[in-house]
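K.L.:
fold the stuff below for me.
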Amino acid sequence: MKFSVQVDDLKLLNEALATECDKVRFGAEFCEWKVPSLKTLKTAYDLTVDAGKQFDYITPRCSDKTIKRILDHLSFLNDKGEIKVIINDIGFLNVLKRYERLIPHLGRQLIHIPARCPWFYRDSRSFIFFGFMIKAAIMRRHVKDLYNQTSLHYEPTIRFYKEYGFRGLDLDWIPRCFPHYKFFVDQGLDVAVHTHLVPVTVTRKCHTARFLGEKNPQNCSKPCNTRAFLLKHEGVFMTVKLFLHGNAVFTLTQPTKKDVKNLLRAGATELVISMNPVTNTLSRERVNEVISSIKQMF
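P.N.:
Sure, this is the predicted structure:
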């Protein structure tokens, strides 16, 4: 199991390179306004190589204007050898065909996991009255399995992506889905799982910028580098805590020993730790604490 640290600026990169991680992911996963300049990308690549770490590049969903900028990035990386490019925009599938040495890897924004299964909340005893208890139990398990799978478990979808030569994919820390991740390992794919933060939605415009009065995205001061917002969703039976960070909303999960064991059993090969203010993972010490705590669960 390898540990990757995901960062989107040079300051965090320097912290990440001083940790016990095996790899570094550099770039923006959600916000196209945080896509680095070519000069910054070159600096990040050189620093990573000098530190003896593997370099991966991550890209968000993009406008046509930003895609044109990233083409220069891809040309630079293609000259450096085989480098993994994590894509979250389906348009990049065609783009990456031009670069023989770059390895396409599907980001988690391209992989859909159903939000919840209605059968988790239905009282199966209601079926006893109709005499269908056994049949209902079988149906219940089948529907649960369907809701625990991803869009890539649908054969035409994974066949479509395979035509573009992808070799791996990013998935979320959703323990009930872990047994189904083995399917991708059996397909010969590398499975990377993000720890702690599970995206709920991505806003079309950055709500963090709107809340803090950032009017011009091109000149945004990037308050998301240091700030996040707690959003409480009040329900009848429980309160759900959500976190607004930049233009994405997340839920926060805590890995347990049981979860880690199940993930290893499924065959995942990489854990991704994002440095961000939601988890207060902004220093090398904090990253090493996370890596150490998870390793103790192996």
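K.L.:
using PDB, write out every CA atom in the helix or strand containing residue 44.
P.N.:
In this assignment (DSSP states H and E), residue 44 forms part of helix 38-50. This file holds the C-alpha atoms of helix 38-50, laid out as PDB (Å, rounded to 0.1, in the frame of the first residue of the first chain):
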ATOM      1  CA  LEU A  38       3.500  26.100 -16.400                       C
ATOM      2  CA  LYS A  39       6.300  27.700 -14.400                       C
ATOM      3  CA  THR A  40       4.900  26.500 -11.100                       C
ATOM      4  CA  LEU A  41       4.300  23.000 -12.500                       C
ATOM      5  CA  LYS A  42       8.000  22.800 -13.700                       C
ATOM      6  CA  THR A  43       9.200  23.800 -10.200                       C
ATOM      7  CA  ALA A  44       6.900  21.300  -8.500                       C
ATOM      8  CA  TYR A  45       8.100  18.500 -10.800                       C
ATOM      9  CA  ASP A  46      11.800  19.300 -10.200                       C
ATOM     10  CA  LEU A  47      11.300  19.500  -6.400                       C
ATOM     11  CA  THR A  48       9.500  16.200  -6.300                       C
ATOM     12  CA  VAL A  49      12.100  14.400  -8.400                       C
ATOM     13  CA  ASP A  50      14.900  15.900  -6.300                       C
END
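K.L.:
which helix in the chain runs the most residues?
P.N.:
As assigned by DSSP state H, the longest helix anywhere in the chain is helix 64-80.
K.L.:
name the helices or strands packed onto that helix?
P.N.:
helix 38-50, strand 83-87, helix 92-96, strand 102-106 (3 or more C-beta pairs under 8 Å, 6 or more residues apart in numbering; DSSP states H and E). C-betas here are computed from N, CA, C, even on glycine.
K.L.:
tell me where the protein has helices.
P.N.:
Going by DSSP H, the chain shows helices at 10-17, 38-50, 64-80, 92-96, 133-147, 155-162, 178-186, 207-211, 257-266, 284-295.
K.L.:
using TSV, lay out those together with distance to residue 273.
P.N.:
Output for those, formatted as TSV (distance: least, C-beta to C-beta, whole Å):
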stretch	distance to residue 273
helix 10-17	9
helix 38-50	16
helix 64-80	22
helix 92-96	24
helix 133-147	27
helix 155-162	25
helix 178-186	18
helix 207-211	21
helix 257-266	14
helix 284-295	5
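K.L.:
residue 229: which of those is closest?
P.N.:
For residue 229, the closest of those is helix 207-211, at 7.0 Å, according to C-beta to C-beta.
K.L.:
by contact count, what packs against that closest one?
P.N.:
strand 239-245.
K.L.:
packed most tightly, which of the helices and strands packed on helix 64-80 would that be?
P.N.:
strand 83-87 (a mean of 24; mean count of other C-beta atoms under 10 Å).
K.L.:
would CSV of the helices of the chain with mean pLDDT and distance to residue 234 be doable?
P.N.:
CSV is the format used below for the helices of the chain (pLDDT from 0 to 100; distance: least, C-beta to C-beta, whole Å):
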stretch, mean pLDDT, distance to residue 234
helix 10-17, 96, 34
helix 38-50, 97, 42
helix 64-80, 94, 37
helix 92-96, 89, 39
helix 133-147, 61, 25
helix 155-162, 91, 36
helix 178-186, 94, 30
helix 207-211, 85, 19
helix 257-266, 95, 27
helix 284-295, 96, 30
